[in-house]
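Colleague: What follows is a protein structure lacking sequence information:
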């Protein structure tokens, strides 16, 4: 079973969602950014902090998939 297409789709979705979130944040004021809003994370700032901390693993996965050579199996 080749999981690479499914993993690539998840990665593409991750980048799409991240970019959409960042575009929405551009319109926030300095007061709105740290304000408590509820949800999984207390504020937009906390949500973006989470995104930044989880982004490196996606970069590693992307690097692996980009340089993956299935002929070595």
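Modeller: Now that the structure is in, tell me what you want to look at. All of these numbers come straight from a predicted model, not from anything done at the bench. Numbers count the residues shown, from 1 in each chain.

Colleague: Low-confidence regions, this structure specifically.
Modeller: Low-confidence segments of the chain, defined by pLDDT under 70, span residues 56-59, 62, 68-73.

Colleague: now residue 41, what's its secondary structure?
Modeller: The three-state assignment at residue 41 reads coil, by DSSP: H, G, I helix; E, B strand; the rest coil.

Colleague: from memory it sits against residue 53, does it?
Modeller: No: counting by Cβ atoms under 8 Å, residue 41 stays clear of residue 53, with 11.3 Å between them. The way it works is simple: take the backbone N, C-alpha and C, and place the C-beta from them, glycine included.

Colleague: quick one, which of those two is more surrounded?
Modeller: residue 41 (15 against 9; other Cβ atoms under 10 Å).

Colleague: What's the separation between the more buried one and residue 54?
Modeller: 12 Å (Cβ to Cβ, to the nearest Å).

Colleague: what does residue 20 give?
Modeller: 16 Å.

Colleague: One more: residue 23?
Modeller: 19 Å.

Colleague: where exactly do the helices run in this structure?
Modeller: 4-25, 44-67 (DSSP state H).

Colleague: Of all those, which one is nearest residue 35?
Modeller: If you check each of those against residue 35 by Cβ to Cβ, helix 44-67 wins as the nearest, at 7.5 Å.

Colleague: and that closest one with helix 4-25, angle?
Modeller: Computed with axes from the mean of the first three to the mean of the last three Cα atoms, to 10 degrees, the direction of helix 44-67 lies at 150 degrees from that of helix 4-25.

Colleague: Which strands and helices lie in contact with helix 44-67?
Modeller: Other helices and strands packing on helix 44-67, by 3 or more Cβ pairs under 8 Å, 6 or more residues apart in numbering; DSSP states H and E, are helix 4-25.
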